[in-house]
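**Student:** No letters, just coordinates:
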């Protein structure tokens with residue numbers, strides 16, 4: 001009887017990609033997926049360590065799964081928490097049997113707490129270029145690079161994920177073909193800089209976007225560093241069937257942005273947003289902002305509020321600043337009181353919730369092309385999977401197909417819709433039947 005595994009994934013879409021590749025590798029090695037963690041021979045937790053809240057969730061999940069696992073099973077800790085804190089984590093967590101990161105050279109030695117710890121010069125499992133099985137959903141994340149070359153004041157990711165290393169276009173296209181989906185979501189820590197680490201001194205993200213678009217109807221880009229949004233990329237995304245711009249702005253006050261070691265100003269961001277809207281009325285915007293970064297003043301906060309009102313972004317995330325060991329911000333003065341941070345978060349979220357609801361109300365009565373994710377649930381180009389709202393559709397629409405629908409109602413971030421006609425679907429099953437030709441899946 002083969003050994004069984006249970007894989008728990010925490011954190012961002014990049015971690016989800018790592019987990020899918022790790023699961024495929026374990027299956028290839030003869031393991032089968034368990035029905036639950038209590039019946040698994042190997043319990044693997046792919047952790048997140050981006051901010052304090054994520055680290056706390058990772059530790060809590062590890063302890064919860066340790067309590068559930070059967071006698072004689074193995075608890076393996078991997079992912080960002082393992083990469084960042086290796087030996088320290090093993091010493092503090094005797095419940096773990098193995099602590100090992102991804103994609104770095106390793107050997108194994110016994111930690112003080114009893115766990116094996118990755119540390120040394122032999123080749124490790126390189127998940128970035130492992131194959132993946134066909135997706136069970138009509139869409140899939142595809143990670144195109146690992147690491148980051150930026151030095152943002154608040155971020156520790158380069159310290160444990162290393163410098164950026166981009167995958168070859170050919171390897172990415174092979175993975176896209178394996179997944180057999182209708183929508184590919186390209187992800188990386190610094191997606192706009194894809195290919196610049198190849199020694200040629202230029203970005204290749206537009207080339208990659210066009211190549212993937214030749215294979216699937218919809219291609220979505222997540223995590224665009226604003227300074228990497230050059231004219232060629234801006235125009236390529238605006239002209240695509242998915243004019244969705246996920247701009248990682250973090251803040252808009254020029255003094256605070258400089259303190260974050262990032263370029264940009266509110267005026268500059270607004271100019272780019274207006275330029276994009278001038279290219280296509282279908283443009284959709286998401287961003288995220290850090291609240292309470294050291295030195296943030298009431299004037300900085302008011303400027304961000306004013307920016308939200310003027311920019312009218314479709315989606316926004318707001319996060320309390322988390323002090324990360326080894327970063328520039330960890331040594332800065334001007335700490336913001338947590339209670340004040342909470343008040344600012346609440347005010348920002350209230351403003352953006354209203355704007356998002358208004359943006360959704362504007363869609364009532366319009367016709368849109370949707371991709372059906374599951375019975376009764378669909379998305380247009382305006383909704384990224386798992387992070388934005390959804391569109392409720394009749395359950396008769398087959399998952400993996402495209403359909404033309406009319407929006408009938410808005411419910412805060414979600415929408416209701418009905419098919420425009422009972423005629424043929426716009427597309428066929430993802431990866432199986434006919435799909436819209438590349439470039440036509442969502443064109444109005």
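**Tutor:** That came through fine. Keep in mind that what you see is a predicted model, and the values were worked out from it rather than measured.
**Student:** do you know how far residue 79 is from residue 338?
**Tutor:** Look at residue 79 and residue 338: by Cβ to Cβ, to the nearest Å, they are 27 Å apart. C-betas here are computed from N, CA, C, even on glycine.
**Student:** And the two? Which one has more around it.
**Tutor:** Set side by side, residue 79 and residue 338 show more neighbours around residue 79, with 26 against 11, by other Cβ atoms under 10 Å.
**Student:** backbone phi and psi for residue 169, please?
**Tutor:** The phi/psi pair for residue 169 (degrees, to the nearest 10) reads phi -50, psi -40.
**Student:** Tell me how the chain divides into domains.
**Tutor:** If you go by automatic domain parsing, the domain ranges for the chain are 4-118, 133-361, 363-444.
**Student:** and the end-to-end length of the longest one?
**Tutor:** Think domain 133-361. Distance between the two ends of domain 133-361: 39 Å, counting by Cα to Cα, to the nearest Å.
**Student:** That one - what's its average pLDDT?
**Tutor:** Domain 133-361 comes out with an average pLDDT of 93.
**Student:** give me the element residue 318 is part of.
**Tutor:** Residue 318 is part of strand 315-320, with elements assigned from DSSP states H and E.
**Student:** So which other helices or strands are in contact with that strand?
**Tutor:** strand 284-291, helix 338-361 (3 or more Cβ pairs under 8 Å, 6 or more residues apart in numbering; DSSP states H and E).
**Student:** The shortest one: partners in the sheet, and parallel or antiparallel?
**Tutor:** Read that as strand 284-291. Paired with strand 284-291 in the same sheet, following DSSP bridges, are strand 244-250 (parallel), strand 315-320 (parallel).
**Student:** In a helix, residue 267, correct?
**Tutor:** Yes: under DSSP: H, G, I helix; E, B strand; the rest coil, residue 267 falls within a helix.
**Student:** What residues does it make contact with?
**Tutor:** By Cβ atoms under 8 Å, 6 or more residues apart in numbering, no residues touch residue 267.
**Student:** and residue 159, which of the helices and strands packed on strand 315-320 is closest to it?
**Tutor:** Smallest distance to residue 159 across these (Cβ to Cβ): 18.1 Å, for strand 284-291.
**Student:** angle of the closest one against helix 338-361?
**Tutor:** Interaxial angle, strand 284-291 versus helix 338-361 (axes from the mean of the first three to the mean of the last three Cα atoms, to 10 degrees): 170 degrees.
**Student:** heading toward the C-terminus, what's the first helix or strand past strand 284-291?
**Tutor:** helix 298-311.
**Student:** Just give the nearest non-adjacent residue to residue 324, would you?
**Tutor:** Excluding its sequence neighbours, the residue lying closest to residue 324 (Cβ to Cβ, 6 or more residues apart in numbering) is residue 156, at 4.2 Å.
**Student:** Pairing partners for the residue nearest to residue 188 when sequence neighbours are not counted in the sheet, please.
**Tutor:** In space, and not counting its chain neighbours, residue 188 is closest to residue 145: 4.1 Å by Cβ to Cβ, 6+ apart. Legend: beta-bridge partners of residue 145 under DSSP bridges are residue 166.
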